[in-house]
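# let me see the structure of the following:
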Amino acid sequence: MRRRPGIVVAFLVAFLAEPFPGYLAGFALDAVTVVATVYFAVAARHALPAPS
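Here you go, the predicted structure:
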């Protein structure tokens with residue numbers, strides 16, 4: 001399995017944003033949610049066999 005630096009960076013940003021109040025942490029968590037959703041959607045699509 002190839003490493004996906006994007007998901008790691010997104011989680012790192014969310015972790016580092018935790019001490020900051022309000023919108024920054026919320027934005028970081030939203031970004032993680034979006035990145036994770038896209039990541040799993042792409043991973044699921046690539047896991048399917050190619051349409052014939």
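# so what secondary structure elements neighbour the helix or strand hosting residue 25?
Using DSSP states H and E, residue 25 falls within helix 23-47. Secondary-structure packing of helix 23-47 (3 or more CB pairs under 8 Å, 6 or more residues apart in numbering; DSSP states H and E): helix 5-17. All C-beta atoms are positioned from the backbone trio N, CA, C, and that covers glycine.
# separation between residue 26 and residue 10?
Relative to residue 10, residue 26 is positioned 14 Å away (CB to CB, to the nearest Å).
# so the two - more neighbours on which side?
Between residue 26 and residue 10, counting by other CB atoms under 10 Å, residue 10 is the more crowded of the two (20 against 12).
# just checking, the more buried one touches residue 31?
Yes. At 5.8 Å, residue 10 counts as touching residue 31 under the criterion of CB atoms under 8 Å.
# residue 9 and residue 28, how far apart?
Using CB to CB, one gets 11 Å for the distance from residue 9 to residue 28.
# of those two, give the one with the bigger neighbour count.
Using other CB under 10 Å, the more surrounded residue of residue 9 and residue 28 is residue 28, with 20 against 13.
# the inter-axis angle of the helix or strand of the chain at the bottom of the mean pLDDT ranking versus helix 23-47?
Using mean pLDDT, DSSP states H and E, helix 5-17 stands out as the lowest-scoring helix or strand of the chain, at a mean of 71. Angle, helix 5-17 to helix 23-47, by axes from the mean of the first three to the mean of the last three CA atoms, to 10 degrees: 160 degrees.
# can you name every helix or strand that helix 5-17 contacts?
Using 3+ CB pairs under 8 Å, 6+ apart, helix 5-17 sits against helix 23-47.
# pLDDT on the helix it packs on, on average?
The predicted model assigns helix 23-47 a mean pLDDT of 80.
# in it, what's buried?
By neighbour count on 16 or more other CB atoms under 10 Å, the buried set for helix 23-47 is 28, 31-32, 35.
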